[in-house]
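Trainee: A predicted structure for the sequence below; I have some questions about it.
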Amino acid sequence: MANEEKRSLAAVLVLSVIAYALAALLIIISRLEMLILSTVAPAAFTAIYLVISHSRSKKFRANKKKNKQQLPFIIFGLAVIPIIFSIILFIFYSYSVYLLILSFATELTFLSILFYLPLSIYDKFFWKNNAAGLAAANYKKFDAMIPLSIIIPAYNEEEIIERTIESVIESDYPTKQIIVVDDGSKDQTYLKASKYLRRFRADQFLVLTKPNGGKTSALNYGLCFATGEIIVVLDADSILSRNSLKELARQFLDPSVVAVASKVKNLRTTNTLQNCIALETVLGTNLLRGPFNVFGVIMIIPGAGGAFRRKLLLQSGGYDNDTITEDFDITLKLLKSSGRVIMVDAITYSDMPDNLKDLHKQRRRWNRGNVQTLLKHRNVLSNGRYGMLQSFGYPMLSMAFWFPAFLDFLIIGYTIYAILAGLWAYFVLPFVVYVLWQIVLTAIAVVLDGKDSGKVLLYSPLAIIGYKQILNFIIIKSVFSVLLFGRKKKLKWETTEEIPKAA
């Protein structure tokens, strides 16, 4: 371990101790000691169970005929047991219904330090993918052996398509094929992409055009012309870092890996909203995805930069058009094949919304598509054949998607009621401690992420009040939109306003 890594690890461990202390203080001053049995114990036991299950995952993958119908234990450990304990406390101690709500909310909140944080530290500093050592020892041979195709679907991207293409051309990977698919653009996207044709052989650079059919059809069309063993998908508004392709491709030396996700970072943070999105990205990538990575069940390969085995992508039937989050859907399809999907430190930069209107459009599409995809693949919950996808990945992501947004507004409503009833003094100190705890968690995520994310610490309080409620409102609205109207009309793939080319 290098000296810089050792310093980062030391900082993370110190901050983790502070985070645990603040969590314990929050439980004490909130008078939630009785909830320890319904939160800490089930979470700890569930974490131990999942680690043991993962240690036996090779046996599960080898036994592909296993088709045992069962519900994942994690649902009982993180949902059913806390609710049962809360109901018992409500009956015997005459607590208000607030306790029932708060117990489950506490479970989901403290899960980040009871389970996510240790595994995220392990993922960052101690867990090494098997392919890393092989790739390091055979870099030259590796570069020549694995041809790679990059597919860039584009619709009305004349302002930024050249920037994206240039980043791919300049990337440090010699055996690559670049495919730009113009999905019936009404502007100069096709012409601007075509100017690069004269710089490359026909088999190295392709610019295809087709009638507008959406991103899914553009990806499938590009896949028909791809010749590389590895397929990299890159959104037309994203930029690859120089070594991203090499970092993505080297992971496929491990035969169990079927897909690899890059880390997506904001290209620009020019206002408060974009800094909040950057904060969300840092927390999600560095604090919440660690266990998913260790267990090999990264749930979403981002359209802004992901790599797939071409053979398996074709065997799965390519991208389906029955959801509007094709990246989430294809990831679940590949995970069902019992392969591993991981994330590496290959950085892709992408433009994010800079106003609430565009944020609403983006998240409404994401959330609607997430509902569609979760419902489409709900058979994962009852089928033990899917290993860690069934034991951890799908149920954890489902609970994190369905419950927190609704619980957040229930707790806010009760808190407002309590303040109006003159009980505001009971909420001041817990709220201050909770904000400090959130800042410490953000600091841990920043250290795990690197040196360039420090300023997002200033926006930590907005992860509790403000930005968080905006996202939760969009989630709730999107869920009801799909459940109530989704079956009556086909949801469309929406785009935000065109983003001007960065200087």
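Mentor: Okay, I see it.

Trainee: touching, residue 435 and residue 463? I think so.
Mentor: No: in this structure residue 435 lies outside contact range of residue 463 using C-beta atoms under 8 Å: 9.4 Å. Backbone N, C-alpha and C define where each C-beta goes, glycine included.

Trainee: so which of these two has more stuff around it?
Mentor: Relative neighbour count places residue 463 above the other of residue 435 and residue 463, with 20 against 16, counting by other C-beta atoms under 10 Å.

Trainee: residue 442 is in contact with that one, correct?
Mentor: Yes: assessed by C-beta under 8 Å, residue 463 is found in contact with residue 442 at 7.2 Å.

Trainee: any common contacting residues for these two?
Mentor: Common contact partners of residue 463 and residue 442 (C-beta atoms under 8 Å, 6 or more residues apart in numbering): 279, 283.

Trainee: the residue nearest the centre of the chain and residue 14, how far apart?
Mentor: Compute the mean C-alpha point of the chain, and by C-alpha atoms, centre = their mean the closest residue is residue 300, 5.7 Å away. Remark: distance between residue 300 and residue 14 (C-beta to C-beta, to the nearest Å) = 32 Å.

Trainee: what sits against residue 181?
Mentor: 151-154, 208-210, 218-219, 221-222.

Trainee: 10 Å instead, please
Mentor: Counting by C-beta atoms under 10 Å, 6 or more residues apart in numbering, residue 181 makes contact with 151-155, 190, 193, 206-210, 215, 217-223, 225, 236.

Trainee: which of those count as buried?
Mentor: By neighbour count, with 16 or more other C-beta atoms under 10 Å, the contacts of residue 181 hold 151-155, 190, 193, 206-209, 215, 217-223, 236 as buried.

Trainee: quick one, strands of this protein?
Mentor: For the chain, strands defined by DSSP state E occupy the ranges 148-154, 176-183, 205-210, 230-233, 238-240, 257-266, 306-309, 340-350.

Trainee: where does pLDDT dip in the stretch 1-150 of the chain?
Mentor: 1, 30-45, 47, 49, 51, 53-73, 76-112, 128-145 (pLDDT under 70).

Trainee: re earlier: could you find the closest non-adjacent residue to the residue nearest to the centre of the chain?
Mentor: residue 328 (4.9 Å; C-beta to C-beta, 6 or more residues apart in numbering).

Trainee: and the gap between that neighbour and residue 416?
Mentor: Counting by C-beta to C-beta - residue 328 and residue 416 are separated by 35 Å.

Trainee: got it, and residue 179?
Mentor: 54 Å.

Trainee: the more surrounded of the two?
Mentor: Neighbour count, other C-beta under 10 Å: between residue 179 and residue 416, residue 179 has more, with 23 against 11.

Trainee: hang on, isn't residue 315 packed against residue 339?
Mentor: No: counting by C-beta atoms under 10 Å, residue 339 is not a contact partner of residue 315; they are 11.1 Å apart.

Trainee: isn't residue 222 right next to residue 152, touching?
Mentor: Yes: look at residue 222 against residue 152 with C-beta under 10 Å: they come within range, at 7.9 Å.

Trainee: any shared contact partners between those two?
Mentor: 179-181, 233.

Trainee: could those go into JSON lines alongside pLDDT and distance to residue 350?
Mentor: Output for those, formatted as JSON lines (pLDDT from 0 to 100; distance: C-beta to C-beta, whole Å):
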{"residue": "179", "pLDDT": "95", "distance to residue 350": "19"}
{"residue": "180", "pLDDT": "95", "distance to residue 350": "17"}
{"residue": "181", "pLDDT": "95", "distance to residue 350": "18"}
{"residue": "233", "pLDDT": "95", "distance to residue 350": "13"}
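
Trainee: make CSV from the residues you listed and add distance to residue 278 to it.
Mentor: Shown next, in CSV, are those (distance: C-beta to C-beta, whole Å):
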residue, distance to residue 278
179, 30
180, 28
181, 29
233, 23
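
Trainee: which two in the residues you listed are spaced the farthest apart?
Mentor: The two members of the shared contacts of residue 222 and residue 152 with the most space between them (C-beta to C-beta) are 180 and 233, at 12.3 Å.

Trainee: more neighbours, the two?
Mentor: residue 180 (30 against 27).

Trainee: report the beta-bridge partners for the more buried one.
Mentor: residue 152, residue 207 (DSSP bridges).

Trainee: which residues are in contact with residue 18?
Mentor: Residues in contact with residue 18 (C-beta under 10 Å, 6+ apart) are 436-437, 440-441, 443-444.

Trainee: closest to residue 173 out of these?
Mentor: Nearest to residue 173 among those is residue 444, at 32.6 Å by C-beta to C-beta.

Trainee: in the longest helix that the chain contains, what counts as buried?
Mentor: In the chain, taking DSSP state H as the definition, the longest helix is helix 3-29. Neighbour-count burial for helix 3-29 flags 8-9, 12, 15-16, 19-20, 22-23, 26-27 (criterion: 16+ other C-beta under 10 Å).

Trainee: and what of stretch 370-381?
Mentor: Neighbour count says stretch 370-381 has 370-374, 376-377, 380-381 buried, by 16+ other C-beta under 10 Å.

Trainee: make JSON lines from the residues you listed and add pLDDT and distance to residue 396 to it.
Mentor: Formatted as JSON lines, these follow (pLDDT from 0 to 100; distance: C-beta to C-beta, whole Å):
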{"residue": "370", "pLDDT": "91", "distance to residue 396": "14"}
{"residue": "371", "pLDDT": "91", "distance to residue 396": "17"}
{"residue": "372", "pLDDT": "90", "distance to residue 396": "19"}
{"residue": "373", "pLDDT": "92", "distance to residue 396": "15"}
{"residue": "374", "pLDDT": "91", "distance to residue 396": "12"}
{"residue": "376", "pLDDT": "92", "distance to residue 396": "18"}
{"residue": "377", "pLDDT": "92", "distance to residue 396": "14"}
{"residue": "380", "pLDDT": "89", "distance to residue 396": "12"}
{"residue": "381", "pLDDT": "85", "distance to residue 396": "12"}
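
Trainee: ok, now how distant is residue 259 from residue 313?
Mentor: 8 Å.
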